[in-house]
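1. Generate a structure from the sequence data that follows.
(3 chains)
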Amino acid sequence: MQKEIIIATRAHNELIDITKEVEKIVSESKVKQGLCNVFAAHATAAILINENYDPNLRDDIIKALNQTIPERNNYKHDQIDNNAASHIKAAIIGPSETIPVKDSKLLLGTWQSIAFCEFDGPRSNRKIIITITNQKI
Amino acid sequence: MQKEIIIATRAHNELIDITKEVEKIVSESKVKQGLCNVFAAHATAAILINENYDPNLRDDIIKALNQTIPERNNYKHDQIDNNAASHIKAAIIGPSETIPVKDSKLLLGTWQSIAFCEFDGPRSNRKIIITITNQKI
Amino acid sequence: MQKEIIIATRAHNELIDITKEVEKIVSESKVKQGLCNVFAAHATAAILINENYDPNLRDDIIKALNQTIPERNNYKHDQIDNNAASHIKAAIIGPSETIPVKDSKLLLGTWQSIAFCEFDGPRSNRKIIITITNQKI
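-> Residues are numbered from 1 along each chain as shown, chains lettered A, B, ... in the order given. Modelled structure (predicted):
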């Protein structure tokens, strides 16, 4: 099963919880046992798994990433498109996560949630591809 | 095939080699060709692949991560749970790795091993989920 | 389907676009729907997905990684093998990416390409394992 989630983002850097949307697709897949791949189809966005209960943690993650990869740093790409830092953060976090599935449910830990990471927003049309593979059992 | 590995950790930051435990499950799966997903079901832990032959390298990796993401940095989440740096390191390294399998063996390179990364230990009960998918061949 | 790509690298740190090579294997697989795992079988190399259109961005990514993980930093492993920074960068970026496949094509976004990351080159014989899993549809 393969489905798309389309979301809009509202800030230049933003973490958006998409766990419920992914869980709904996994539930509909009726897959007994397998893997769920969550893939952001963009070179300035990423997928990350972490806690979502405290919204402040999302700000802390963005702050730490921005301190590690500063917005301005004499990047060569900034002469063309002015978003090198967005690309570098996306490359480091990575566009996908692959999560185990059992009985049509994601086997996330108690405090784990799936976040779409926007690093070059706001954008109206960000695409996330969900692929669920089942296995012979 | 889907199995769990449960481990205890002994330090606040610790890399623990779990390659043998994962290889045992892959061997028992009798999968001819496919993928093995190794997933840490925690928001302050991660899975990483690197060399394990020289144990000092584990210390170097932890040192470099702690320099990049300092333990104290006025994180907002520290007012609630005092472990923001643990979460941020887990988010950057990521909870899973997906490794090719052939003839019931992991296709790791000569110097690659699988490490569970504890970033908020010690903990007595850390869960790692191993999912092996086979493919029609 | 499981195939190998062998490449040579020419610099100590280098990003090499392997998208066309991976796409050729995906095309030959004739998989309707599934996942493609791209795995670098080395502890000082990695796989990363990002833009390849502007070659300067590759330099920016390497520069940002080298600023975050400096080549010399009193690493213990340097007393043995003198390449701790290579290992740490490989561990952070990670050895694999898993990409959705539909109708024998990678579902990459417009600006996404797959790069092999050399962090300890030049090397004559770097191995990348491509595994494509199909799903019942």
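
2. anything in the longest helix that chain A contains near chain B?
-> Scanning chain A for the helix with the most residues, using DSSP state H, yields helix A:55-68. Yes. Contact of helix A:55-68 with chain B is found when judged by C-beta under 8 Å from any C-beta of the partner chain, involving A:Asn56, A:Leu57, A:Asp59, A:Asp60, A:Ile61, A:Lys63, A:Ala64, A:Leu65, A:Gln67, A:Thr68. Where you see a C-beta, it was placed from the backbone N, CA and C, and this is true even at glycine.

3. beta partners of the residue nearest the centre of chain A?
-> Residue closest to the average C-alpha location in chain A (C-alpha atoms, centre = their mean): A:Ile47, at 2.0 Å. Counting by DSSP bridges, A:Ile47 forms beta bridges with A:Phe116.

4. My read is that A:Asn50 contacts A:Ile62, right?
-> No. Between A:Asn50 and A:Ile62 there is no contact under C-beta atoms under 8 Å: 11.7 Å.

5. more crowded one of these two?
-> Shown here are A:Asn50 and A:Ile62; by other C-beta atoms under 10 Å in any protein chain shown, A:Asn50 has more neighbours (23 against 20).

6. any idea how far A:Asp54 is from chain C?
-> Distance, A:Asp54 to chain C, by C-beta to the nearest C-beta, to the nearest Å: 25 Å.

7. Return the per-residue confidence for that residue.
-> We have a pLDDT of 93 for A:Asp54.

8. Need the phi and psi values for A:Glu51.
-> Dihedral angles of A:Glu51 (phi, psi; degrees, to the nearest 10) stand at phi -70, psi 140.

9. for it, what are its contacts?
-> A:Glu51 makes contacts with A:Leu57, A:Trp111, A:Gln112, A:Ser113, B:Ala43, B:His87, as judged by C-beta atoms under 8 Å, 6 or more residues apart in numbering or on different chains.

10. What is the neighbour count of the second one?
-> What it means is A:Trp111. 17.

11. Return the residues in contact with A:Ala11.
-> A:Glu118, A:Gly121, A:Pro122.

12. Filter those down to the buried ones, ChimeraX style.
-> Buried residues within the contacts of A:Ala11, by 16 or more other C-beta atoms under 10 Å in any protein chain shown, are selected in ChimeraX with:
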select /A:118,121
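
13. if we take the contacts of A:Ala11, which one ends up nearest to C:Thr98?
-> C:Thr98 lies nearest to A:Glu118 out of those, by C-beta to C-beta, at 21.3 Å.

14. was I right about the closest one contacting A:Asn13?
-> Yes. A:Glu118 lies in contact with A:Asn13 (C-beta under 8 Å); the separation is 6.6 Å.

15. near chain C, which residues of chain A?
-> Counting by C-beta under 8 Å from any C-beta, chain A sits next to chain C at A:1-2, A:35, A:37, A:39-44, A:68-69, A:73, A:75-77, A:79-81, A:84, A:87-88, A:90-92, A:94-96, A:98, A:127, A:129, A:131-134.

16. how about the residues of chain A near chain B?
-> A:33-35, A:48-51, A:54, A:56-57, A:59-61, A:63-65, A:67-68, A:92-94, A:97-100, A:102, A:107-109, A:111-112, A:133, A:135-137.

17. cutoff 6 Å now
-> Proximity of chain A to chain B, by C-beta under 6 Å from any C-beta of the partner chain, involves residues A:33, A:35, A:48-51, A:54, A:56-57, A:59-61, A:64, A:68, A:98, A:100, A:107, A:109, A:111-112, A:133, A:135.
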